[in-house]
Structure formats: C-alpha cells, structure tokens
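Novice: below are the sequence and a predicted model; questions follow.
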Amino acid sequence: MELFAKPVFLVYFIPVLLFAGLAAWLGFKIKNHLIGSLFGAEAYAKLTADLRPVTKWRNVCFFLSLFFLFVALAGPQWGTEVLEAQGSFAQTVIAVDVSASMRAQDLKPDRLDNAKNMLRMLVSNLKEERIGVIAFTSQAYIQCPITTDQDALSYFINSLKPDMLPVPGTSLASAVSLAARMLSKYPGNKALILLTDGEDHSPEELKKAQETALKNGIRIIAIGIGSKEGTLIPAKTDASGRILEYKKDKEGKTVVSKLDEKTLLELAQATGGVYISYTTPAQVAVKVEAAVKDLDRSLSRTASRAVYKNRYAFAVILAMLCLAGYLLWPRGRKPRVREAEKELQKR
C-alpha cells in the first residue's frame, strides 16, 4: 500500500519551508532595523518591558499548519473501498466475416487485415459504446460479450483469422440472429456493424433475420469489403507468404470471390441502416461513427474497483487547529516587579 496518493507534495513542502523560514528571518532583521531607527534599542526595551514576549510555540504552530496542509495535498490514504462507476452507453455489436473468402487480396494485404485495421480505429474512438464482437462463417460465435473494456475488444479483434471457425461457408443470417440475441435485453435502438464481402450461402434465411433485427430495434450498418470484379482466394502459401495454390470448389474449378453489394444494401435499408463501401480504414471508421452517433443510450454499470480511502480531511483539520493556535495564541502583560525586589535580585 502507498501511504500517500501524491507524495510529491511532501517534497514541495521543503522549498516552501525554506522560503517561510527566510521570510521570518528577514522580517526579524527589518523589524530590528526599524526599531533601532525609530526608538533605539534601549528605549524600545523600556517601552515593552511590561509586555509578555511572543512565545516560540506560536511560530511552531504556524509551521505545523503549513506542514499538515501539504500532507493533505499529498493525499494520505489507508483502508479500502469499492467504487462502482455507472455510465450512459449505446449498444453495438460488430460481426466479422472470417470465412475463406476474407483471405482474398483485392485489398492489400487481404480483406480481413483491412477489416481489423478499421475496427481497431473504430473501437478506440467509440468511448461511449458498449460493444460486442461476433465472428461468423455459416455459423456465428461470440468472440467478446458486450463490454466497455477497450483492451478486451482490441485483443479479440486482433485474434480474428480466416477459417478460425470449424464450419465453412457464409451465412449473414446467423450473424444477424446472434447479434439480436445479444442486444435484445437492451432498450431502444441498437446497431449491428456487419463487415463482410456479402457472399451469402444461405440467402433463404435472410428475410427472417431482417424481421428479427427490426423486431429488436437493430439498425444494420453493412460494410462491403472487396471488389466487384472479384479475385481468387489463396488456399495454400509458403513460409514467405507466396501463394502456392488457390481455393477450388467441389467440381475442381478455381473460386472467384466477388463483393455482393446488392445483398448488403438491401439488408441495411430493410433495417433503417446504411451501406458503406470499404475504401480506407480511416474513412470507413468515420462513416461508421456518424451512423451510430444517434443510437439510444441506457444506464449501465461499468467495472468496479477497490481503491484506498483518501484521509486528507484529518490533515486539513490538524492544519486548521494549528493555524487557529497561531492566530489566537494569547499575549498579556508581565507582572510588575517591585523596585525593592529588583534590588534584592541584584544583590
């Protein structure tokens, strides 16, 4: 445990103490100079003979008040308390296509790496969003539950890889249905950011997925990644990354993967969302941010944490008491001493 939250203030006290001591010493010198100039030392001594001199403890109280003030600034702390923070967040799920077609290199180095670059930018900018991550092929799986933890989101985005799931193919409906289950417990309008090349091997299920999204207030922001002309899909590479073989279908024909904008556009429009054609990570991230800025927000508890209790109040009270002692220290008159007693004392 650290006894002080900001111990540097204790270091700052040293020059302040030196400055206050220097000021007191200069004041004492100036006072004696003025007394000598106006009255003379002997005359001033006679004038103040009956006054009780200021005790040194008054000055001690002043310096102690300064010390305790800096102790309070340093933040003395002991004991712990649990803080639970709350915030108002919009709810968003990101669904990323990790099928084999995302290996296509019509965008360099490939489609999925471009998607991940964009998502890293997006997540770092969406500070007021609770975000979940889905990876999907013909089936969808939760990679990261809905959270505000930026580190966790970055970790799961970085871990996305083509063919990371045990099932091949692509089904947009599976991603939409799983996102709807994740977002159904939150009120108001939510968003699904669907990042894919749009190729769908189960188009008959898409209509039902649209209805599910509408029923749960989910706006789909579809991002089409790839080229309309299409390109081949690498199936095997060597250690240096050189392509040795391209993906083939069941009949032995080389597969060409093309961006299907029509399906993605219809899906987005059906749910009141938008379709965004992928250009660069930065440009797409800005467009997505604009698309989700008016989502409904709900109050949610963020992560709780244990912290040390700040006990600065004790030091402030001690500083106030010492300052009061400095200002209110009593000054009275010396008891008169008879001349006879003075003479006896001389003898």
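Specialist: On my side now, so go ahead. Residues are numbered from 1 along each chain as shown.
Novice: show me the shaky parts of the stretch 201-347 of the chain.
Specialist: 299-307, 331-347 (pLDDT under 70).
Novice: would you list every one of the helices in it?
Specialist: Remark: helices assigned in the stretch 201-347 of the chain by DSSP state H, counting those that start in this stretch are 206-215, 261-270, 281-292, 312-328, 339-346.
Novice: name the surrounding residues that touch the third one.
Specialist: In this case it means helix 281-292. 90, 92, 114, 117-118, 120-122, 125-126, 129, 191, 193, 219, 221, 223, 273-274, 276, 278 (C-beta atoms under 8 Å, 6 or more residues apart in numbering). All C-beta atoms are positioned from the backbone trio N, CA, C, and that covers glycine.
Novice: if we can go back for a sec, out of the helices of the stretch 201-347 of the chain, nearest to residue 251?
Specialist: For these, proximity to residue 251 was assessed by C-beta to C-beta; helix 261-270 is nearest, at 23.7 Å.
Novice: between that closest one and helix 281-292, how big is the angle?
Specialist: Orientation check (axes from the mean of the first three to the mean of the last three C-alpha atoms, to 10 degrees): helix 261-270 against helix 281-292 gives 30 degrees.
Novice: can you name every helix or strand that helix 261-270 contacts?
Specialist: helix 172-183, strand 190-196, helix 206-215, strand 218-224, strand 274-277 (3 or more C-beta pairs under 8 Å, 6 or more residues apart in numbering; DSSP states H and E).
Novice: per the record, what domains does the chain have?
Specialist: If you go by automatic domain parsing, the domain ranges for the chain are 8-76+311-346, 84-302.
Novice: rebuild these as a markdown table, extending it with mean neighbour count and distance to residue 2.
Specialist: Listed next are the domains of the chain as a markdown table, based on neighbours: other C-beta atoms under 10 Å; distance: least, C-beta to C-beta, whole Å:
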| stretch | mean neighbour count | distance to residue 2 |
| --- | --- | --- |
| domain 8-76+311-346 | 13 | 9 |
| domain 84-302 | 18 | 22 |
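Novice: gap between stretch 104-124 and the chain center?
Specialist: 24 Å (C-alpha atoms, centre = their mean, to the nearest Å).
Novice: how long is stretch 139-156 from one end to the other?
Specialist: Length of stretch 139-156, first residue to last, C-alpha to C-alpha, to the nearest Å: 18 Å.
Novice: how about residues contacting stretch 36-43?
Specialist: Here stretch 36-43 makes contact (C-beta under 8 Å, 6+ apart) with 35, 47.
Novice: endpoints of it, how far apart?
Specialist: Stretch 36-43 end-to-end distance (C-alpha to C-alpha) = 9 Å.
Novice: and residue 298, bridged to which residues?
Specialist: Per DSSP bridges, residues listed as beta-bridge partners of residue 298: residue 89.
Novice: so who does it touch?
Specialist: By C-beta under 8 Å, 6+ apart, the neighbours of residue 298 are 88-89, 91, 186-188.
Novice: and the gap between it and residue 128?
Specialist: Applying C-beta to C-beta, to the nearest Å, the value for residue 298 to residue 128 is 12 Å.
Novice: intersection of neighbour lists for the two?
Specialist: 88-89.
Novice: list the contacts for residue 222?
Specialist: Here residue 222 is in contact with 194, 196, 198, 264-265, 267-268, 273-276 (C-beta under 8 Å, 6+ apart).
Novice: ok, those vs residue 12, which is closest?
Specialist: Among the contacts of residue 222, and counting by C-beta to C-beta, the member closest to residue 12 is residue 276, at 53.0 Å.
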